[in-house]
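Asks: give me a model of this one.
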Amino acid sequence: MKNRVDVRTLLSVYEKIKSQGKTIEFGSQLEDIKCTESPDGYSVSLSDDKVTLDINFHNTYHFHTMNEDPESVINQTTTEFHNNNEAQIQEFVHKLEEIDKNY
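Replies: Below is the predicted model of the structure:
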């Protein structure tokens, strides 16, 4: 991702979803964002239908998009693939910022 994300904000959003969202099978959900945590508590995930964000111990994070492999996307150049994924990530981060602001 081109822009760095503040891990404290991500964890704040996670806590808001966990405390104010509804309980789902493997975690909680607020609006269309779901949160889960590993059994050992060392990592948490935030996700929607297009993007998953894993936040790990020592404040590292990694975004995953629906189509991680550019070779699996037909009729799309590698540049278009990366731009599309970046747009999905930016939209996802915007949703997280809105939750942080509104709750």
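Asks: all helices of this structure, in order?
Replies: In the chain, the segments counted as helices under DSSP state H are 7-20, 78-102.
Asks: averaging pLDDT over each of these, which comes out lowest?
Replies: Sorting the helices of the chain by mean pLDDT places helix 78-102 lowest, at a mean of 83.
Asks: could you list the buried residues of it?
Replies: Neighbour-count burial for helix 78-102 flags Phe81, Asn84, Asn85, Gln88, Ile89, Phe92, Val93, Lys95, Leu96, Ile99, Asp100 (criterion: 16 or more other Cβ atoms under 10 Å). Bear in mind the C-beta positions are built from the backbone N, C-alpha and C, glycine included.
Asks: picking up where we left off before, make JSON lines out of the helices of the chain and add distance to Val44.
Replies: Formatted as JSON lines, the helices of the chain follow (distance: least, Cβ to Cβ, whole Å):
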{"stretch": "helix 7-20", "distance to Val44": "5"}
{"stretch": "helix 78-102", "distance to Val44": "13"}
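Asks: of all those, which lies closest to Tyr61?
Replies: Closest to Tyr61 of the helices of the chain is helix 7-20 (Cβ to Cβ; 6.4 Å).
Asks: can you list the residues that contact the closest one?
Replies: Here helix 7-20 makes contact (Cβ atoms under 8 Å, 6 or more residues apart in numbering) with 27-30, 33-35, 44, 46, 53, 55, 59, 61, 96-97, 99-100, 103.
Asks: how far does it sit from its chain's centre?
Replies: Centroid separation for helix 7-20 versus its chain: 12 Å, with Cα atoms, centre = their mean, to the nearest Å.
Asks: how about stretch 34-50?
Replies: The gap between where stretch 34-50 is centred and where its chain is centred comes out at 9 Å by Cα atoms, centre = their mean.
Asks: what's the answer for stretch 54-70, then?
Replies: The answer for stretch 54-70 is 8 Å, by Cα atoms, centre = their mean.
Asks: any idea how many residues pack against Phe63?
Replies: 18 (other Cβ atoms under 10 Å).
Asks: let me see the contact set for it.
Replies: Here Phe63 is in contact with Met1, Val51, Thr52, Leu53, Ile89, Phe92 (criterion: Cβ under 8 Å, 6+ apart).
Asks: determine which two of the residues you listed are furthest apart.
Replies: The span of these, defined through Cβ to Cβ, is set by Met1 and Thr52 at 13.3 Å.
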